[in-house]
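> based on what follows, work out the 3D shape:
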Amino acid sequence: MKKTYALTVEGKNRDRLLEASKHDIRKYVKRERAKPLAAGSDFLDFDCKLGATVATAQSVHFAALMAAIDALVKQGAGADAFYVEVTAKAGHRTAKAPTEASAA
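Next comes the predicted model:
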C-alpha cells in the first residue's frame, strides 16, 4: 500500500482525518494477514516508510508506525498531508542463541 493521506479537507476535522487514515492502514494490515502464508514462511512481516512526501519518506518499524505518524503530524503542524508505504513480506523465524542464564 502506497498512499498519501490529506489532513486538510474542506468541512472535515483534521483529527478525524488522522484517525481515518490510521484505521485505513490497520484495515490493510488485517486484510494482508488474512491471506494464506507463502510456502516456507513462518509469519508475515511488514516494511514501512513514512514521511511528509514520497521523497522524504524514511523506514519505520511496523510496531512504531502509529506513534511515528502522530509524531510527524505534531512536529509538522502546518503539514497538509503525509505519505505511508506498507509492504507485506514473508518472514522466517530464526532460533535464538542460548544465553548464559538459560544454559545454567
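
> quick one, strands of the chain?
Per DSSP state E, the chain has strands spanning 2-6, 43-51, 58-60, 81-91. These are given in chain order.

> buried sites along the shortest one?
Which is strand 58-60. Within strand 58-60, the residues that count as buried by 16 or more other Cβ atoms under 10 Å are residue 60. No exception for glycine: its C-beta is placed from N, CA and C like everyone else's.

> quick one: strands adjacent to it?
With DSSP bridges as the criterion, the sheet partners recorded for strand 58-60 are strand 43-51 (antiparallel).

> same deal with the first one?
Within its sheet, strand 2-6 is paired with strand 81-91 (antiparallel), according to DSSP bridges.

> longest helix of this structure, counting residues only.
helix 14-34 (DSSP state H).

> hmm, who's touching that helix?
Contacts of helix 14-34 from elsewhere in the structure, counted by Cβ atoms under 8 Å, 6 or more residues apart in numbering, are 1, 3, 5-9, 44, 46, 65-66, 69, 73, 82, 84, 86, 88.

> mean confidence for it?
Regarding helix 14-34, the rounded mean pLDDT is 96.

> hmm, which helix or strand of the chain has the shakiest average pLDDT?
Of all helical and strand segments in the chain, the minimum by mean pLDDT, DSSP states H and E falls on helix 100-103, at a mean of 67.

> okay then, goodbye and thanks.
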